[in-house]
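**Q** Sequence and computational prediction follow.
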Amino acid sequence: IVEQAKGKNEFFRGSIIRSMTGVGWLVAAIIGLILTMPIMPAWSWRIAFIIGGIAGLLGALYRRKIPESPNFTPADLENESLIVLYRRFPIQTLMAFFIGAMSAMPFNTVITFINPVLLTQHVITKHQLMGLQCLVSFIGMVTLLISGKLADHRNPRIIMIIGAILLIIVTIPTLLAINTHYFPYIISGEIILIITNQLLLGPANAYLKRLFPMHFRYRGIAFNSALGLSLLGGSTPLIEGNL
């Protein structure tokens, strides 16, 4: 989708793709919000897994029918292996790795660490947790779109740097505010964390596209960003839980 933009609104289109993850989180949170209502039976959580399974199958079937971009040329796997990728583009692979990590670390901190911890500490109820997940997912999705749109009219690198700097500045104060367990502080703190993080990530898809030439692009982006997402983003709640 980004490649087919051909330089026109490519950052906004890239932000749409990334925001679809937010749509998934939002739909999941809405389902959770419904299933945690007092009137729902104890077994109702199974409904979410059934819906998720159906959605996964539909997504896999649809993906098979999506055509490649017009300018794609089949890669030479022998001459353009991962070893060659790392040898020729070491800085770009590191950038893809850390952008992948940043796509998960702050978001996982809020969604899979802070809110569940607040739940286990009886600061919030399950229903309130799902409400927070809905709010955070929606705001994150909107911020991604705004950030992508801005990147089409401004220097995308500068926007990403501003997002990163703001994230460094606001992280400790917002986490301290959340730690007071005062509900308005919890809401505002999570919103601030998500907005600054998504400001950084809005231009990321189109920016990653520009890092690698065509033959290395899919591999360079997918492998390295997924590696950063899993190694750093996936371990974030585990590390935070032991601090």
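**A** Received the coordinates, thanks.

**Q** Next up, phi/psi of residue 65, please.
**A** With angles defined as degrees, to the nearest 10, residue 65 sits at phi -100, psi 0.

**Q** so who does the closest residue to residue 205 other than its chain neighbours touch?
**A** The shortest distance from residue 205 to any non-neighbouring residue, by CB to CB, 6 or more residues apart in numbering, is to residue 14 (3.1 Å). Glycine gets a C-beta too; all of them are placed from N, C-alpha and C. Residue 14 makes contact with 1, 2, 148, 203, 204, 205, 206, 207, 209, according to CB atoms under 8 Å, 6 or more residues apart in numbering.

**Q** are any of those residues buried, and which?
**A** 2, 148, 203, 204, 205, 206, 207, 209 (16 or more other CB atoms under 10 Å).

**Q** For the most centrally placed residue in the chain, which residues are in contact?
**A** Nearest residue to the geometric centre of the chain (CA atoms, centre = their mean): residue 103, 4.3 Å. Residue 103 is in contact with 18, 201, 204, 225, 228, 229, 233, counting by CB under 8 Å, 6+ apart.

**Q** Closest one to residue 45 out of the residues you listed, please.
**A** Set against residue 45, the nearest of the contacts of residue 103 by CB to CB is residue 233 (25.2 Å).

**Q** Got phi/psi on the residue nearest to that closest one when sequence neighbours are not counted?
**A** Taking CB to CB, 6+ apart as the measure, residue 233 lies nearest to residue 104, with 2.5 Å between them; neighbours along the chain are not counted. Dihedral pair for residue 104: phi -120, psi -30, per degrees, to the nearest 10.

**Q** OK, contacts around residue 104?
**A** By CB under 8 Å, 6+ apart, the contact set of residue 104 is 228, 229, 232, 233, 234, 236.

**Q** out of those residues, which are buried?
**A** 228, 229, 232, 233, 236.

**Q** thinking again about what came up before, take the contacts of residue 104 and write them to JSON lines, including pLDDT, distance to residue 142 and secondary structure.
**A** Formatted as JSON lines, those follow (pLDDT from 0 to 100; distance: CB to CB, whole Å; DSSP: H, G, I helix; E, B strand; the rest coil):
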{"residue": "228", "pLDDT": "86", "distance to residue 142": "25", "secondary structure": "helix"}
{"residue": "229", "pLDDT": "83", "distance to residue 142": "22", "secondary structure": "helix"}
{"residue": "232", "pLDDT": "82", "distance to residue 142": "25", "secondary structure": "helix"}
{"residue": "233", "pLDDT": "78", "distance to residue 142": "22", "secondary structure": "helix"}
{"residue": "234", "pLDDT": "78", "distance to residue 142": "25", "secondary structure": "coil"}
{"residue": "236", "pLDDT": "77", "distance to residue 142": "23", "secondary structure": "helix"}
